[in-house]
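K.L.:
Sequence and predicted structure are below.
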Amino acid sequence: MEAQISRPVNEYKTAFMLFTDTVEDEVRFRTDGIVLAQLQGTTFRISHYNDLIWEIKTYFKNDYSLIYTDTPFELWAILYDEHPEINQENLIIDIYKAWKLYWEQRGPKFVSENTMQFSKQQSWEEFSKLVVQIQSGPGNIIENAIEISDFNLIPILALALRMQFKDENDFYKSCIDIMTEELYEVFGIDGEFDEIEMEIDGEIQRYFIYIPECDFNDNLLLLE
C-alpha cells in the first residue's frame, strides 16, 4: 500500500485514544505506511492532514488514472467554482498542456501502437470538443467533460486546474480542504470521519479517523 506517515506514530495513537477515550492496552495498532487501530472488532484508520496531502499528490505523479478512480468528480467542479481568478483563456492553454502530459504518461502503457494512436486521436477529438464548449459560453465545465468522456477528460482537467495555481501545494491543500469540508463520502466505507486536533509544540495537528476499506488483518507490519 503506497502511503506515508508524516508524524511520529505515537501521535496517531494518542489521537485515536483521545477519540475513543481508551488507553493503549485496550487498542491494537498496526502500520505499513498507514496507521490502523482495532477496537472491539472494528478497524479504524488514522490519517494526519499531511498524509492526505501526500496521498493525493501521488495521483498526479505515478498514475493519472487514479485521479479518475480515487477522487470524486464533484471535487474538480467545486475547486473550479471556488477560484473565480481562474482565467478561461489560460485554462484552455493549460488543458492542452495537460492533454500532452496525460498522453506522455499513458501512451507507453499501450501494448499495441495502433491501439494507442487510435485512443490518442479519439482523446484529441474529445479535447477539441471540450474547448469548443468552453469557448461557446458559460456552462459547467466538469459536467461538459463528463458528458464527452469522463475517463480521459477528468484527469486532464484536474491536471489543468493544478497548473492554474502558482503554488502547487496550495492546489493540494485546496483539494483536501474541500474533501474534508464538503465531500465526506471519500472517507472510508461509510463516508464518515471524525477529526481530532492536538496542540503539539505550539502547533495544531489535525488527525482524521475513519473506517477504511482495508481490514486490520491485511498484510501490515504490527507496531511494536
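P.N.:
Thanks, I have the structure now. This structure is a prediction, so every number in the text was calculated from the model and none was measured.
K.L.:
all contacts plus neighbour counts: C-alpha atoms, from now on.
P.N.:
OK.
K.L.:
Now do the helices in this protein.
P.N.:
Ranges of helices in the chain, per DSSP state H, are 9-20, 49-59, 65-70, 73-81, 88-106, 113-136, 141-163, 168-181.
K.L.:
outside of the longest one, which residues touch it?
P.N.:
Read it as helix 113-136. Defining contact as CA atoms under 8 Å, 6 or more residues apart in numbering, one finds that helix 113-136 is touched by 88, 92, 96, 99, 103, 107, 110, 141, 144-145, 148-149, 152-153.
K.L.:
same deal with the shortest one?
P.N.:
Identification of contacts with helix 65-70 by CA under 8 Å, 6+ apart yields Tyr59, Phe60, Asp150, Phe151, Ile154, Pro155, Ala158.
K.L.:
any idea of the mean pLDDT for that helix?
P.N.:
Averaging pLDDT along helix 65-70 gives 92.
K.L.:
in it, what's buried?
P.N.:
Ser65, Ile67, Tyr68 (16 or more other CA atoms under 10 Å).
K.L.:
mind checking how far the first one is from Lys109?
P.N.:
Look at Ser65 and Lys109: by CA to CA, to the nearest Å, they are 12 Å apart.
K.L.:
rewinding a little: distance to Gly191 and neighbour count for the contacts of helix 65-70 - can I get that in a markdown table?
P.N.:
Converted to a markdown table, these look like this (distance: CA to CA, whole Å; neighbours: other CA atoms under 10 Å):
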| residue | distance to Gly191 | neighbour count |
| --- | --- | --- |
| Tyr59 | 20 | 18 |
| Phe60 | 23 | 17 |
| Asp150 | 23 | 18 |
| Phe151 | 23 | 15 |
| Ile154 | 22 | 24 |
| Pro155 | 23 | 26 |
| Ala158 | 22 | 23 |
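K.L.:
Kindly reformat those as CSV containing pLDDT and distance to Phe193.
P.N.:
Formatted as CSV, the contacts of helix 65-70 follow (pLDDT from 0 to 100; distance: CA to CA, whole Å):
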residue, pLDDT, distance to Phe193
Tyr59, 93, 22
Phe60, 94, 24
Asp150, 90, 28
Phe151, 90, 28
Ile154, 95, 26
Pro155, 95, 26
Ala158, 96, 25
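K.L.:
and which of these is nearest Ile200?
P.N.:
Tyr59 (29.6 Å; CA to CA).
K.L.:
ok, how many other residues are close to Leu18?
P.N.:
14 (other CA atoms under 10 Å).
K.L.:
typo on my end, it should be Gly107
P.N.:
So Gly107, with other CA under 10 Å, has 17 neighbours.
K.L.:
And the pLDDT for it?
P.N.:
Gly107 is given a pLDDT of 91.
K.L.:
got it, and Gly139?
P.N.:
For Gly139, the predicted pLDDT is 70.
K.L.:
That one: neighbour count?
P.N.:
11.
K.L.:
What of Glu24?
P.N.:
For Glu24, the count of nearby residues is 11 (other CA under 10 Å).
K.L.:
And the residue nearest the centre of this structure?
P.N.:
Ile56 (3.6 Å; CA atoms, centre = their mean).
K.L.:
do you know how far Phe60 is from Ile156?
P.N.:
According to CA to CA, Phe60 and Ile156 sit 10 Å apart.
K.L.:
same check, this time on Asp81
P.N.:
The value you get for Asp81 to Ile156, if CA to CA is used, is 17 Å.
K.L.:
Output the below-cut-off pLDDT ranges for this structure.
P.N.:
Within the chain, the ranges that satisfy pLDDT under 70 run 1-3, 138, 219-224.
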